[in-house]
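Q: generate coordinates for the sequence data below:
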Amino acid sequence: MMTRIIEVLRDAKQRQTVGQQLYFVAFIFGLVITFLQTTTFIQFVSNHALTRLIYISLALLVAKLLCFDDHDIRQLLLDLVMMALLGCSWYLSQSLPMITMGLFVITARNIDFHQIVQTYLTVGLIIFAVVIVSALVGIIPNIIFHRQDVVRLSFGIIYTTDFAAHVLSLVMAYCYLNFSKLNWRYYCCIVLIAIFIMKVCDARLDTACLLLIIPVIWFAQQAQRGNRGAQLVTKFYWGVTPIMAYATVMMAWLFNNQKNWMLRLDQLVSGRLTISHQALGKYGISWFGQHLTERGWGFGAAHVNDQNYFFIDSSFMRMVIISGLVLGIIVVFWMTKISWQSIQAEDYALAAIIVILTISAMVEQHLLEIDYDPFLLAAYSIVYTSDRQSRMEKKNIE
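A: So this is what the prediction gives:
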């Protein structure tokens, strides 16, 4: 057995193959566990127990990085620095999503991104179907929430907006994989899905993001086909992430409920500006992460009401307050670079998805959660790998 392992480690091609297999084992296992954490199956297996299982995925990723990836000294040092930053944020914030997403990103080098998204879509749809059926037949609770007189169903997910966010993520994955095939029939299906989400879940912001997919993808498709006007529009897609991330933080910082337009905007985003402003005032922006106690809605949230509710929904705000400004800037940088490279390569599908992901991240907390977002993995799967190949080709020419 040991002899076989040594042979694999010595053979670069075999080592890379085993590393890729190890990555997908970790990805599928982590995806299943984190997805289940968002469901009412947690009445049978505690959220704490599931969290401990995630460490198995993280251990597999570290093993891939250190034992099966090819490094030069510069790459290894950069990876170790990133792991140190992730570990520091995790220690200070006691929040797992950043280090989980971070390790999946930096170990995605030489992993086929299309296969990552395909795996995400396949596994995600299977789990989602099992959860919905289990809720409808009564195996797990199908929680009903109320917003004034509006009835909101969650279909086995811990909260209605989380159900809607899963739908949005799976639709984005499908659109990315079938980008060139999308036509008015698919767009009509997206509209119907959006209407369903609005009627059944009353998830207004996710509904808006679903509908936004149509024009953003359509312009990207036209640009892909050589339409000059569409290319003029889509070449600015890369700027959406840094502008919106900065705008989100500044709006929270400058929020004043005495100004009518700000109050209306806050009402439009369901009070998120108020909560973010309060969080900044109480905790401030951290450099490397900090812990804070939140109280949100959802299954298992005891003794939460309108008076003591405190949960930062915006992913951008969560990064600068909880995960740390340093890692927040790194995430925004990579999102921007993913979009920029997509546009430069005239392969506009990923740039379009990053636009939707950015708009969602302004108001939803799921940007760093692997069960909602496989798209950040393109940072190393596509961008870093492509940059390294370009550097190697340039070095060989010289």
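Q: alpha carbons only for contacts and neighbour counts from here, please
A: Will do.
Q: neighbouring contacts of the one helix or strand residue 206 maps to?
A: Using DSSP states H and E, residue 206 sits in helix 204-224. Helix 204-224 has contacts (C-alpha atoms under 8 Å, 6 or more residues apart in numbering) with 161, 164-165, 168, 172, 179-180, 187, 190-191, 194-195, 197-198, 229-231, 233-234, 269, 346-349, 352-353, 355-356, 359-360, 363.
Q: cool, stretch 236-255 as well?
A: Looking at what lies outside stretch 236-255 - C-alpha under 8 Å, 6+ apart - the contacts are 262, 273-274, 276-277, 280, 316-317, 332-333, 335-337, 339-340, 343, 351-352, 354-355, 358-359, 362.
Q: from the contacts of helix 204-224, which would you call buried?
A: Buried members of these, scored by 16 or more other C-alpha atoms under 10 Å, are 161, 164-165, 168, 172, 179, 187, 190-191, 194-195, 197-198, 230-231, 234, 346-349, 352-353, 355-356, 359-360, 363.
Q: strands of the chain, start to end?
A: For the chain, the strands defined by DSSP state E occupy 144-147, 150-153.
Q: what's the most buried one of these?
A: strand 150-153 (a mean of 17; mean count of other C-alpha atoms under 10 Å).
Q: show me what that one is packed against.
A: Applying 3 or more C-alpha pairs under 8 Å, 6 or more residues apart in numbering; DSSP states H and E, one finds that strand 150-153 contacts strand 144-147, helix 184-201.
Q: what helices or strands is the longest one leaning on?
A: So that's helix 184-201. So helix 184-201, by 3+ C-alpha pairs under 8 Å, 6+ apart, packs with strand 150-153, helix 160-177, helix 204-224.
Q: before we move on, the earlier item: just the buried ones among the contacts of stretch 236-255, please.
A: 262, 273-274, 276-277, 280, 316-317, 332, 335-337, 339-340, 343, 351-352, 354-355, 358-359, 362.
Q: what is the burial count for residue 330?
A: By other C-alpha atoms under 10 Å, 12 other residues sit near residue 330.
Q: also residue 267?
A: Neighbours of residue 267 (other C-alpha under 10 Å): 13.
Q: report pLDDT for it.
A: In this model, residue 267 is scored at 86, pLDDT.
Q: ok, back up a step: by mean pLDDT, show me the worst of the strands of the chain.
A: strand 144-147 (a mean of 78).
Q: so in that sheet, which strands flank that one, and in what orientation?
A: Paired neighbours of strand 144-147 in the sheet (DSSP bridges): strand 150-153 (antiparallel).
Q: pLDDT weak spots in the chain?
A: The model of the chain has pLDDT under 70 over residues 1-12, 297-307, 384-398.
Q: if we go to 50?
A: Counting by pLDDT under 50, the ranges of the chain that qualify are 391-398.
Q: redo the helices and strands packed on strand 150-153 as TSV? Include distance to residue 88.
A: Formatted as TSV, the entries for the helices and strands packed on strand 150-153 read as follows, by distance: least, C-alpha to C-alpha, whole Å:
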stretch	distance to residue 88
strand 144-147	37
helix 184-201	37
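Q: for residue 68, find the nearest of the ones you listed.
A: For residue 68, the closest of the helices and strands packed on strand 150-153 is helix 184-201, at 40.8 Å, according to C-alpha to C-alpha.
Q: out of the strands of the chain, nearest to residue 309?
A: strand 144-147 (14.6 Å).
Q: neighbouring contacts of that closest one?
A: 151-154, 160.
Q: also stretch 316-332?
A: So stretch 316-332 is contacted by 85-86, 89-90, 93, 95, 98, 241-242, 245, 248-249, 276, 279-280, 283-292, 312, 361-362, 365 (C-alpha under 8 Å, 6+ apart).
Q: for residue 124, find the nearest of the helices and strands packed on strand 150-153.
A: Nearest of those to residue 124, taken as C-alpha to C-alpha: helix 184-201 at 16.9 Å.
Q: re the thing from before, quick one: which of the helices and strands packed on strand 150-153 is nearest residue 44?
A: strand 144-147 (19.3 Å).
Q: could I get the buried residue list for stretch 252-271?
A: Those would be 252-253, 255-256, 262-263, 266, for stretch 252-271 by 16+ other C-alpha under 10 Å.
Q: from those, which two are the most distant?
A: It's 253 and 263 that sit farthest apart of the buried residues of stretch 252-271, by C-alpha to C-alpha, at 13.9 Å.
Q: okay, the contacts of strand 144-147 in a markdown table with distance to residue 378 next?
A: Converted to a markdown table, these look like this (distance: C-alpha to C-alpha, whole Å):
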| residue | distance to residue 378 |
| --- | --- |
| 151 | 38 |
| 152 | 34 |
| 153 | 33 |
| 154 | 30 |
| 160 | 28 |
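Q: helices of the stretch 251-398 of the chain, residue ranges please.
A: In the stretch 251-398 of the chain, the helices defined using DSSP state H, counting those that start in this stretch lie at 260-268, 272-283, 315-318, 325-344, 349-363, 378, 385-397.
Q: save these as TSV, and put in distance to residue 138 too.
A: Output for the helices of the stretch 251-398 of the chain, formatted as TSV (distance: least, C-alpha to C-alpha, whole Å):
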stretch	distance to residue 138
helix 260-268	35
helix 272-283	33
helix 315-318	33
helix 325-344	40
helix 349-363	31
helix 378	38
helix 385-397	46
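Q: between these, which one is nearest to residue 31?
A: Of all those, helix 378 comes closest under C-alpha to C-alpha, at 16.5 Å.
Q: sorry, back to before: which among the helices of the stretch 251-398 of the chain is found nearest to residue 34?
A: Across these, residue 34 has its closest neighbour in helix 315-318 (17.1 Å, C-alpha to C-alpha).
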